[in-house]
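S.K.: Here is my input; please provide its structure:
(chains A and B)
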Amino acid sequence: MLIQLEPRGERSTFWTYGSPLLAIALTLATSAVIFTLLGKSPAIALYTFFIKPLTSPGSLPELLVKASPLVLIGTGLSLGFRANVWNIGAEGQYTMGALAGGGLGLWFYTSTSPFLLPAMIVAGVLGGMAWAAIPAWLRVRFNASEILTSLMLTYVAQLLLLYLVTGPWRDPEGYGFPQSRLFSDAATMPILLEGSRLHLGVALAVVVVLLGWVLLGKSLIGFQLKVVGQAPRAARYAGFSDKGLIWLSLMLGGGLAGAAGLFEVAGPIGQLTPQISPGYGFTAIIVAFLGRLHPVGVLLGGLLLALSYLGGEAAQIDLGLPNAVTGIFQGILLFYLLGADILINYRLRLGSRAAVARDSRPA
Amino acid sequence: MTLSWFVPVFLSMVSASTPLLLAASGELVAEKSGVLNLGIEGMMLVGAIVGFAATVTSGSWMLGILAAGLAGAAMAGIFALLTLILLANQVATGLALAILGTGLSALIGKGFVGMAIKPLPKLDLPILTDVPVIGPILFHQDALVYASFALVAGIGWFLYRTHAGLALRSIGDSHDAAHAIGYPVIAIRFGATLFGGFTSGLAGAYLSLAYTPLWAENMTAGRGWIALALVVFATWRPARLLVGAYLFGGISILQLYVQSLPLAIPSQFLSMLPYLATILVLVIISRDRLRIRLNAPACLGKAFHATG
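M.R.: Residues are numbered from 1 along each chain as shown, chains lettered A, B, ... in the order given. As a prediction, the model looks like this:
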C-alpha cells in the first residue's frame, strides 16, 4: 500500500480555504504534544495560549494592536509574493520606517504642530520604501537576488537603530539607557478607544486591507501581479513589465512595513529602543501565506498570529513556558500550511502504483 | 620575525571562515541537485545548540559534533519531506525552516545559556605542524577546520569525478531528462538535502564549540544567509567556495581588528561590513546574467512530480 499523489487537473476551491484550517488543527495537536513534553497539561496550556488572552478584560483591543503591524506588512508582502518577488527584509524596512518617522518626531520634539504626526507617517512610509528600493534596484539593474539583499539590509538597519539609540539619539535624561526620548503628544498616535492602547494605526491597517482588496481584485495592476506569478511567460507575451512589478512589489511592501514601524514606535512603544519589534517582519511572511496571499485572508491570519504573541506572553507568565514557544508555534504552522497546500492541486490516494494508474485511466 | 603578526590574524580568519565554508559546501551539493534550501540559518542554529548540549551532557566533543550534524540533517529532512514529497514551494519552506530553527534552538537552549565549555581541541599533525608559519596556521587546527577542507575537496571530486556526482548534476540541470534515463530524482535530491543539513549542523557546532564555546540565542547572526550568497559567489564551483569563504572570513576579521584601533568609527558601522560586503559581492557576480545562467543548475528551486 502506498499513498499516491494524483493531479486534480484544476485547483480545488475547497482546499484553497480548507488547508489553512487543517494546518491550524494540526498545529494545535502538535502544540499539545510539545506542551506535554515540556511537562505541562496540554489542556491548560492550550487554554492559556489561545482562549485566555481573548476572555480577559481589555484583551480584544490589545489583540488588534498586536495584529495591525502584521496585517499592514502582510498585505504588502502578499501582493509581492504573488508576483514571485520575495521581499523577506520587511523587518529592516519596518526598522527604517520607525527611524525615519521617529527621527522626525525627535527632531521636532518640542513642536505641538498638528502636522507633525502626519509628516512622521509620511516619513515612515518613505523610510521603508527607501530601504526596499535598494533590493529593487539591485534586482532590476544587476539581477541580484532580492531574498538575500533585503535580508542583509535587515541586519544593517538593526545595527543602525542600535547605533542611533546608544549614540546621537539617546535620551539625555535617560540615565544612559539605550533609548530615545519619549515622543511628545503631537508626535504620538491618537488613541481611538479610551483606556486602551487601540490607536489610529489599527484603523489605518483595516483601510489598507480594503485598498489591497480593491487593488488585487479590481485593477489592472492586481491582474498583472497574479499573471506574472502564475504564468510568467504569458505575462511577458502580454507585455507586462517585469521591472515595473518588481519595483511596485517592493515599494508596496517597504512602504507598508515602514508605516507599521512608525505606528509602533509612535503608538504603543512611544520612543525608539533597540527592541521595537518581536519579529513582526518575519511573522508577517507566515501571515501572508496563511491568508492565501489575499488581503482579507491576511487580516484573519494577522489576528491568529497576534493571538500567538499574546498567548506566548500569557503562557510565559502563568505557566513559566519559555517565550520561544511562540516562534515554534509559528514555524510549525507555516510548515503544516505549506504541506497541506498540496491538497489544492493533488488528490491523495491509497493503493499501489498500478492500481492508481488503472483507476485514473479514463473510463 | 616580520611574519609573526600574520599568524594570529590568519588564525582568526580561519575560524571566521570555517562555519561559512561548512554550511556553504553542503548547500552547494543540495543546489547542484536542484534543491534551494534557504533554511541554513535555522539548521545552523539547531546544530549549534544540539552540538553544545550533547557536548555538555556527554562530555565528548566528538558526540557533540555528530549530534549537531544529525540535528541539521533532521531539520533538512522536514524540508525535503515538504518540498520533494509534498511539492511545497522551496522558497517559502526554506523561510519556514529558518523561523522554526530560531524558535526551536531558543527553546532547547533555555537551560544552557551562560554555560561555558572548553573549545574544541587542536589536533596536531606530525612534522607538518612544526613547519614555520604554515604549520601553526594550517596544521594546528580542530577537527572541523580539517573537515571543512576535506569537504570541499571531497565534494569537488564527487561532483566532477564520479558517476553518482554526474547523476546528481544532471538531476539539477534537467530533472525530466534525468528521470527519463532512470535516475531516482527524488531519492537523490533527498540525499543531497540531508547532506546539506548535516554540514549546516556542523557549521553551527563550530560556532558553539570552537568559535565562541558557549550558547547564545541567534548566535549565527546571519551567517546562514551569507553562506547562501557564497554559493552564488562561487558560481556553484567548490574550489571558488574556498576563496569566497576566506574572503568573507577576512572581512569579518578585518572589521574586528579595526574596532580595536583607536578610531572614531562607531562599532555598529563596522559590524555592518560583512552584510554590506555580501550585497556587494552578490551584485558583482549576479550582474553577469550569462555567467549565472551558464552555471546555475537549471532546475534550481523547481518542484518535480513524476507523471507516469
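S.K.: helix, strand or coil for residue 114?
M.R.: Assuming you mean chain A. Classification of A:Pro114 by DSSP: H, G, I helix; E, B strand; the rest coil places it in coil.
S.K.: oops, chain B please
M.R.: coil.
S.K.: residue contacts, it?
M.R.: By Cβ atoms under 8 Å, 6 or more residues apart in numbering or on different chains, B:Gly114 lies in contact with B:Leu214. No exception for glycine: its C-beta is placed from N, CA and C like everyone else's.
S.K.: Could you pull up the residues touching B:Met272?
M.R.: B:Met272 makes contact with A:155-156, A:159-160 under the criterion Cβ under 8 Å, 6+ apart.
S.K.: Would you tell me which one of those comes nearest to A:Gly174?
M.R.: Nearest to A:Gly174, judged by Cβ to Cβ, of the contacts of B:Met272 is A:Leu160 at 19.1 Å.
S.K.: thought that closest one was touching B:Pro266?
M.R.: No: using Cβ atoms under 8 Å, A:Leu160 is not in contact with B:Pro266, being 10.0 Å away.
S.K.: Show me which of those two is the more surrounded one.
M.R.: A:Leu160 (19 against 16; other Cβ atoms under 10 Å in any protein chain shown).
S.K.: just checking, next helix/strand downstream of the host helix or strand of the more buried one?
M.R.: For A:Leu160, the element it lies in under DSSP states H and E is helix A:146-166. Going down the chain from helix A:146-166, the next helix or strand is helix A:200-218, by DSSP H and E.
S.K.: mind listing what's buried in that next one?
M.R.: Buried residues in helix A:200-218, counting neighbours by 16 or more other Cβ atoms under 10 Å in any protein chain shown, are found at A:200-202, A:204-205, A:208-209, A:212-213, A:215-216.
S.K.: Work out the gap between stretch B:239-247 and the centre of the chain.
M.R.: In terms of Cα atoms, centre = their mean, to the nearest Å, the centre of stretch B:239-247 is found 12 Å from the chain centre.
S.K.: Next, the buried residues of that stretch.
M.R.: B:240-242, B:244-247.
S.K.: and it, what's its mean pLDDT?
M.R.: The pLDDT scores in stretch B:239-247 average 91.
S.K.: Output that stretch in CSV with nothing but the alpha carbons.
M.R.: Extracted in CSV, the C-alpha atoms of stretch B:239-247 (Å, rounded to 0.1, in the frame of the first residue of the first chain):
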residue,chain,number,x,y,z
ALA,B,239,37.0,25.5,-5.3
ARG,B,240,35.7,29.0,-5.6
LEU,B,241,33.7,28.4,-2.4
LEU,B,242,37.0,28.2,-0.6
VAL,B,243,38.1,31.5,-1.9
GLY,B,244,34.8,33.1,-1.1
ALA,B,245,34.6,31.8,2.4
TYR,B,246,38.1,33.1,3.2
LEU,B,247,37.3,36.4,1.6
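S.K.: any residues touching it, and which ones?
M.R.: B:13, B:17-18, B:20-21, B:24-25, B:28, B:149, B:152, B:156, B:230-231, B:233-234, B:281.
S.K.: Which of those fall in strands?
M.R.: Among these, no member is found in strands (DSSP state E).
S.K.: got a winner among those for most neighbours?
M.R.: That'd be B:Ala24 among the contacts of stretch B:239-247, by other Cβ under 10 Å, with 35 neighbours.
S.K.: how close does it get to B:Val243?
M.R.: 11 Å (Cβ to Cβ, to the nearest Å).
S.K.: got any ranges where the chain has weak pLDDT?
M.R.: Because you didn't say which chain, this covers chain A. For chain A, applying pLDDT under 70 flags the ranges A:1-3, A:351-363.
S.K.: my bad, chain B
M.R.: Checking chain B against pLDDT under 70 turns up B:1-5, B:133, B:307-308.
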